[in-house]
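based on what follows, work out the 3D shape:
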Amino acid sequence: GAALSRQFFDTPFDLAHGPLIRGLLLRLDADEHMLLIDQHHIISDGWSLGVLVREVSALYTAFSQGLDDPLAPLAIQYADYAVWQRAWLQGDALQAQLDYWKGRLADAPELLALPSDHPRPAVQSFAGSSVGFALSASLTEQLRQWSHRHGGTLFMTLTTAWGVLMSRMSGQSDVVIGTPVANRQRIEIEHLIGYFLNTLALRVTLDDEVSVAQLYERTKSVVLDAYAHQEVPLEQVLEAVNPPRSVSHNALFQTMLSLNNNPAGGELRLPGLRLSSVEQKHESTYCDLYLALAESGGALGGALIYATDLFEADSMQRLLGYFQNILEGMVADPAQAVSRLALVGAA
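So this is what the prediction gives:
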């Protein structure tokens, strides 16, 4: 099924004519099948996957027993949300959001000049791969408690550490980090499948003498302000800020960080079937570096997705080691200067 799977997922979508979601059921043996589902990002986001799993479970369970569709009719459709968003995001409301972003991102650095294993190609290919990342449950708990003591969230702590790492690796004191937000602030849209996601540009400035605790306060303020102005789509922010454009790298930011807290769809359990998920290998990336994290069983884990045009896997493993050392250093002594945080361990 590997060749068929690759062919299935490599087939481009036709946005004009659809379909924008498609499925393929492969029979591998008399009692073994593989279900492939491919959907364009324009109709789906991470939150939508949980909704999809719940609804497929409910429908399969009912239909396999000869029962009717158990799902309640949707109160609103995605088109209703689109009309509402367009009606709301105009005039003074839109201008206030755009003014915030124009002020926040004015004169932001065009490129985060990270040391790379290969020269940056003239045209970005978006080819990517990934390396896994995991923290122990004990360090995760320490980070959670540390965040709480400093009046913030685990995401803010991770963003602070990632900003420190990006600054140290690039030698730049001005760092812009992209982060996706669910952008589902109205209860009516919580159960809709669709693309509600937005991406925020978090600009963090570091100087030699700032302490870990002071930088955390600075980052916390940046994150809270960004959340308060999250409705305007990134595309409109780009138009308003109008940063220098290049086909060799993303505009505004080239590094991203996410902490997935989307409501899980739960384990997919269907009557009469034993199920397991098939891991999909990352073969593309949105940007140069994207650290995608989630919490499972009380421990943080995830993957560092990277541009293979620029980086090798060994370098990415080292980078993740530096990141963990920064997190441990932050927890150990929040009063120390950020510049004193050790990237490498004693060994």
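
give me the distance from the host helix or strand of residue 80 to the chain's centre.
Element membership for residue 80 (DSSP states H and E) is helix 78-88. On the basis of Cα atoms, centre = their mean, to the nearest Å, helix 78-88 sits 24 Å off its chain's mean C-alpha point.

give me the contacts around the next helix or strand after it.
Following helix 78-88 in sequence order, the next helix or strand is helix 91-105 (DSSP H and E). The contact list for helix 91-105 (Cβ atoms under 8 Å, 6 or more residues apart in numbering) reads 89, 176, 201, 203, 225-226, 229, 231-232, 236-237, 240-241, 243, 252. Placement of C-beta: from N, CA and C, glycine included.

of the residues you listed, buried ones?
Those of the contacts of helix 91-105 that meet the buried threshold are 176, 201, 203, 226, 229, 231, 232, 237, 240, 241, 243, 252, by 16 or more other Cβ atoms under 10 Å.

make TSV from those and add secondary structure to it.
Formatted as TSV, the buried ones among the contacts of helix 91-105 follow (DSSP: H, G, I helix; E, B strand; the rest coil):
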residue	secondary structure
176	strand
201	strand
203	strand
226	helix
229	coil
231	coil
232	coil
237	helix
240	helix
241	helix
243	coil
252	coil
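
and the furthest pair within the residues you listed?
Spatially, the most separated pair among the buried ones among the contacts of helix 91-105 is 231 and 243, at 20.5 Å (Cβ to Cβ).

which parts of the helix or strand of the chain with the lowest mean pLDDT are buried?
Lowest by mean pLDDT, DSSP states H and E among the helices and strands of the chain is helix 2-10, with a mean of 85. Buried residues in helix 2-10, defined by neighbour count with 16+ other Cβ under 10 Å: 5, 8.

after that helix, which helix or strand is next? Please name it.
strand 21-29.

now the element after that following strand, going C-ward?
strand 32-39.

give me the contact list for that next one.
Applying Cβ under 8 Å, 6+ apart, the set of residues contacting strand 32-39 is 1, 5, 8-9, 11, 20-28, 52, 278.

any of the residues you listed buried? List them.
Burial by neighbour count, 16+ other Cβ under 10 Å: within the contacts of strand 32-39 this picks out 5, 8, 52.

okay if I get the residues you listed as JSON lines plus distance to residue 340?
Output for the buried ones among the contacts of strand 32-39, formatted as JSON lines (distance: Cβ to Cβ, whole Å):
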{"residue": "5", "distance to residue 340": "49"}
{"residue": "8", "distance to residue 340": "51"}
{"residue": "52", "distance to residue 340": "47"}
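
and this protein, what are its domains?
When the chain is parsed with automatic domain parsing, its domains come out as 2-64, 91-340.

let me see the mean pLDDT of the last one.
When pLDDT is averaged over domain 91-340, the result is 94.

now find how far off-centre that domain is within its chain.
Using Cα atoms, centre = their mean, the offset of domain 91-340 from its chain centre is 7 Å.

now the end-to-end length of that domain.
47 Å (Cα to Cα, to the nearest Å).

mind listing the helices for the stretch 101-250 of the chain?
Taking DSSP state H, counting those that start in this stretch as the test, the helices found in the stretch 101-250 of the chain are 137-149, 154-170, 212-227, 234-241.

can you tell me which of these comes nearest to residue 292?
Among the helices of the stretch 101-250 of the chain, helix 154-170 comes nearest to residue 292, with 11.2 Å by Cβ to Cβ.

just the CA coordinates for the closest one, please, in CSV.
Listed next in CSV are the C-alpha coordinates belonging to helix 154-170 (Å, rounded to 0.1, in the frame of the first residue of the first chain):
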residue,chain,number,x,y,z
LEU,A,154,3.5,26.8,29.4
PHE,A,155,3.2,28.1,25.9
MET,A,156,4.7,31.4,27.0
THR,A,157,7.6,29.6,28.7
LEU,A,158,8.3,27.6,25.5
THR,A,159,8.1,30.7,23.4
THR,A,160,10.6,32.5,25.6
ALA,A,161,13.0,29.6,25.4
TRP,A,162,12.6,29.2,21.6
GLY,A,163,13.2,33.0,21.2
VAL,A,164,16.4,32.7,23.3
LEU,A,165,17.6,29.8,21.1
MET,A,166,16.8,31.6,17.9
SER,A,167,18.5,34.7,19.1
ARG,A,168,21.6,32.9,20.2
MET,A,169,21.9,30.8,17.1
SER,A,170,21.4,33.8,14.7
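
elements contacting that helix?
When contacts are defined as 3 or more Cβ pairs under 8 Å, 6 or more residues apart in numbering; DSSP states H and E, helix 154-170 packs onto helix 137-149, strand 174-181, strand 198-205, helix 212-227, strand 255-260, helix 313-332.

other residues contacting that helix?
Residues outside helix 154-170 that contact it (Cβ under 8 Å, 6+ apart) are 112-115, 143-144, 146-147, 150, 172-173, 175, 177, 179, 202, 204, 206, 212, 215-216, 219-220, 223, 255, 257, 259, 291, 293, 300, 319, 322-323, 326-327, 330, 338, 341, 343.

buried ones among those residues?
Burial by neighbour count, 16+ other Cβ under 10 Å: within the contacts of helix 154-170 this picks out 112, 114, 143-144, 146-147, 150, 172, 175, 177, 179, 202, 204, 206, 212, 215-216, 219-220, 223, 255, 257, 259, 291, 293, 300, 319, 322-323, 326-327, 330, 338, 341, 343.

what sits against the residue most central in space within the chain?
Nearest to the mean C-alpha position of the chain, by Cα atoms, centre = their mean, lies residue 258 at 3.9 Å. Neighbouring residues of residue 258 by Cβ under 8 Å, 6+ apart: 179, 180, 290, 291, 292, 293.
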